[in-house]
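Colleague: kindly return the folded structure for what I paste below:
(chains A and B)
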Amino acid sequence: MSKLLNADMSRILKAKSLYYGMIITALLSVIFVLLNKEDNAFTSIPEGGALLILPIFIGAVIALNISTEFTSGAIRNKLIIGHSRVNIILSWAICFTLVTILFFAVYETAAFVSASLLSYDLSAVHGDNVVKNLLLVFILVLSNIFMSMLVCVIIEDVRSVAVMFLIQFSLMLFSTLGYEALAGNETAELIFRFFPQGQLESLSVLTAPDKPLLTVVCAVISGAAMLILTIVYFRKHDMK
Amino acid sequence: MDYVLKTNALCKQYKDFKALSGVTMSVPKGSVYGFVGRNGAGKTTLIRLICGMQFPTDGEFEIYGVKNTDAAISDSRKRIGAVVETPSLFPEMTAQDNLKYQYRLLGLPSFEGITELLKLVGLENTGKKKAKDFSLGMRQRLGIAVALCGNPDFLILDEPINGLDPQGIIEIRELILKLNRERNITVLISSHILDELARLATHYGFIDKGSIVREMSAEDLEAACRKCIRVTVTDTSAAVRALDDMKLEYRVIGDNYIDIYAKPNISKLSAALEKENCEILSCTEHDETLEGFFISLVGGGSDE
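Modeller: Prediction:
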């Protein structure tokens, strides 16, 4: 496992897509801050923006990396030299968790630093609420990477990038439209806790999150289910 | 004889298509095993099963005596290097970086052997050139170098000369022979380019429609393909006595068939056989290439 991690990590950290993705994420974060300067509306940038952007960009990085492994045949080499399929998936899971931390850190740092530099009024922002909200955002975004992994393992090639975009946009549309239409519906509210886009309208760094533990449990269940599905699928999958 | 790989009634079914139907074969240690078959005969499927990329639907195989159902098969696979269909390379990486990645996967403590490996496959001067800019032959050689990381004892090459120019074919051939002779690496090489295989293989396995139709050594094949006169006689044992008396080299190949590896005086041969009360029913010149032998085994029709 450590060998796989070492090889995967060194390759992913050398991939240009990772750095391009992080630069674009940071730029988008700064653009959000700039666009909201007039209204001095910092809220929704650290949480809503992250829930919207990070799943797409992290998903793209995951799709590019995993599809490269399949199309280049690198995954065959892993199997030939005796690495187990479960370990291959777990190694990816750890690597992309680190990628998520990097993207999250870059986005939030860019948001807070640029807001400070542009003299936003951050007096309404309380540290306690910010930490709780950002932790929730991170857990939701992290749980989402396992869905990306499942999609990539099933599709196997670079088409997974397009499918990732489609899925993330669909979730966003479903959440945005559904949030208004199903306001007050408890089942809908529960479903929206399972994926990051579902919390777009619910989280705000200005207020304490509603039932944060329930959101964490839902996100963890969603992530674990996707990881298990990925492992189950890949363990029995015939590769070309 | 020690065997690196043994398969026993190995089957692979894809929905309603049976790619392998009871393949039983053995690859002797130290050999260059030519795995011969038409496109779609099941060569690559068998290699995928051995390499752990796919799972058999029935039957079993052993690598270095370890069964595929045994947990230790992963350790046995560590002794294998393989290039399956296309070389497994990262196109954006240099030759050296591709080898470094493989070294990391294998958990090798240092990158010391990389220069030697690149030299072995003739890619020591590629510098910062990325694998995507390599010629097909260079990519194939780099694929073999990747497969050789960790000093495997058993190298599996699936159609390694497909699409190569004559110079590329010669380079790959010389490399395979060098690995087999100097490093004592057992090589399983699948191909449908028979002339090329004939220059390399010490053993052959012929596969058709998912089944092994024959396994034989290069000596046996050479004997089967040697220029000879094939006679059909009424009494084989009588004919053998006559041929022994005439001190002719021959081989009994069937109930009434004998191949004579010389140019005998037919009148004398006929007289000698008559003395033994044996008649010659027919007499034909027989000269077969590996290609001809393969066609005679599997028939000339197309699978397409």
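
Colleague: and residue A:12, how far is that from chain B?
Modeller: 11 Å (C-beta to the nearest C-beta, to the nearest Å). For every residue, glycine as well, the C-beta is placed using N, CA and C.

Colleague: residue A:71 versus that residue, what's the distance?
Modeller: In this view, residue A:12 and residue A:71 are 16 Å apart by C-beta to C-beta, to the nearest Å.

Colleague: those two: which is more packed in?
Modeller: Between residue A:12 and residue A:71, counting by other C-beta atoms under 10 Å in any protein chain shown, residue A:12 is the more crowded of the two (20 against 15).

Colleague: which is the succeeding secondary structure element to the host helix or strand of that one?
Modeller: Element membership of residue A:12, judged by DSSP states H and E, is helix A:2-14. Using DSSP H and E, the helix or strand that follows helix A:2-14 towards the C-terminus is helix A:16-35.

Colleague: list of residues touching that next one?
Modeller: A:12, A:42, A:45, A:49, A:53-54, A:57-58, A:60-61, A:64-65, A:99, A:102-103, A:106-111, A:114-115, A:118, A:120 (C-beta atoms under 8 Å, 6 or more residues apart in numbering or on different chains).

Colleague: okay, angle between that helix and helix A:2-14 too, please.
Modeller: 50 degrees (axes from the mean of the first three to the mean of the last three C-alpha atoms, to 10 degrees).

Colleague: buried set for helix A:16-35?
Modeller: A:17, A:18, A:21, A:22, A:25, A:26, A:28, A:29, A:30, A:32, A:33 (16 or more other C-beta atoms under 10 Å in any protein chain shown).

Colleague: just the C-alpha atoms of that helix, please, in CSV.
Modeller: What follows is helix A:16-35 as a C-alpha-only set of coordinates in CSV (Å, rounded to 0.1, in the frame of the first residue of the first chain):
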residue,chain,number,x,y,z
LYS,A,16,0.0,20.0,-14.4
SER,A,17,-3.8,19.5,-14.1
LEU,A,18,-3.6,19.7,-10.3
TYR,A,19,-1.8,23.1,-10.4
TYR,A,20,-4.0,24.5,-13.2
GLY,A,21,-7.0,23.5,-11.2
MET,A,22,-5.8,25.1,-8.0
ILE,A,23,-4.9,28.3,-9.9
ILE,A,24,-8.3,28.5,-11.5
THR,A,25,-10.0,27.8,-8.2
ALA,A,26,-8.1,30.6,-6.5
LEU,A,27,-8.9,33.0,-9.3
LEU,A,28,-12.6,32.2,-9.2
SER,A,29,-12.5,32.7,-5.4
VAL,A,30,-10.9,36.2,-5.9
ILE,A,31,-13.4,37.0,-8.7
PHE,A,32,-16.3,36.2,-6.4
VAL,A,33,-14.8,38.5,-3.8
LEU,A,34,-14.4,41.3,-6.4
LEU,A,35,-17.9,40.9,-7.8
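
Colleague: tell me the first helix or strand C-terminal of that helix.
Modeller: Following helix A:16-35 in sequence, per DSSP H and E, is helix A:50-72.

Colleague: neighbours of residue B:271, how many?
Modeller: 11.

Colleague: and for residue B:214, the neighbour number?
Modeller: 17.

Colleague: now do the contacts for it.
Modeller: B:204, B:205, B:206, B:297.

Colleague: cutoff 10 Å now
Modeller: For residue B:214, the contact set (C-beta atoms under 10 Å, 6 or more residues apart in numbering or on different chains) comprises B:36, B:204-208, B:220-221, B:224, B:293-294, B:297-298.

Colleague: doesn't it belong to a helix?
Modeller: No. Using DSSP: H, G, I helix; E, B strand; the rest coil, the secondary structure at residue B:214 is strand, not a helix.

Colleague: returning to that earlier point: now, of the contacts of helix A:16-35, which are buried?
Modeller: A:12, A:42, A:45, A:49, A:53-54, A:57-58, A:60-61, A:64-65, A:99, A:102-103, A:106-108, A:110-111, A:114-115, A:120.

Colleague: going by neighbour count, list what's buried in stretch B:103-116.
Modeller: B:103, B:104, B:105, B:106, B:108, B:113, B:114.

Colleague: what does stretch A:135-154 give?
Modeller: By neighbour count on 16+ other C-beta under 10 Å, the buried set for stretch A:135-154 is A:136-153.

Colleague: of the residues you listed, which belong to helices?
Modeller: Members of these lying in helices (criterion: DSSP state H): A:136-153.

Colleague: chain B contacts on chain A?
Modeller: A:2-11, A:14-16, A:68-69, A:71-85, A:87, A:235-240 (C-beta under 10 Å from any C-beta of the partner chain).

Colleague: for residue 215, give me its contacts.
Modeller: Reading this off chain A. A:136, A:139, A:140, A:190, A:192, A:193, A:194, A:198, A:199, A:202, A:203, A:209.

Colleague: wrong one, chain B
Modeller: By C-beta under 10 Å, 6+ apart, the contact set of residue B:215 is B:24, B:25, B:26, B:27, B:33, B:203, B:204, B:205, B:206, B:207.

Colleague: repeat for residue A:55
Modeller: Residue A:55 neighbours (C-beta under 10 Å, 6+ apart): A:100, A:103, A:140-141, A:143-145, A:147-148, A:164, A:167-168, A:171-172, A:195-197.

Colleague: for residue B:26, same thing?
Modeller: Neighbouring residues of residue B:26 by C-beta under 10 Å, 6+ apart: B:1, B:3-8, B:33, B:62, B:203, B:205, B:212, B:215.
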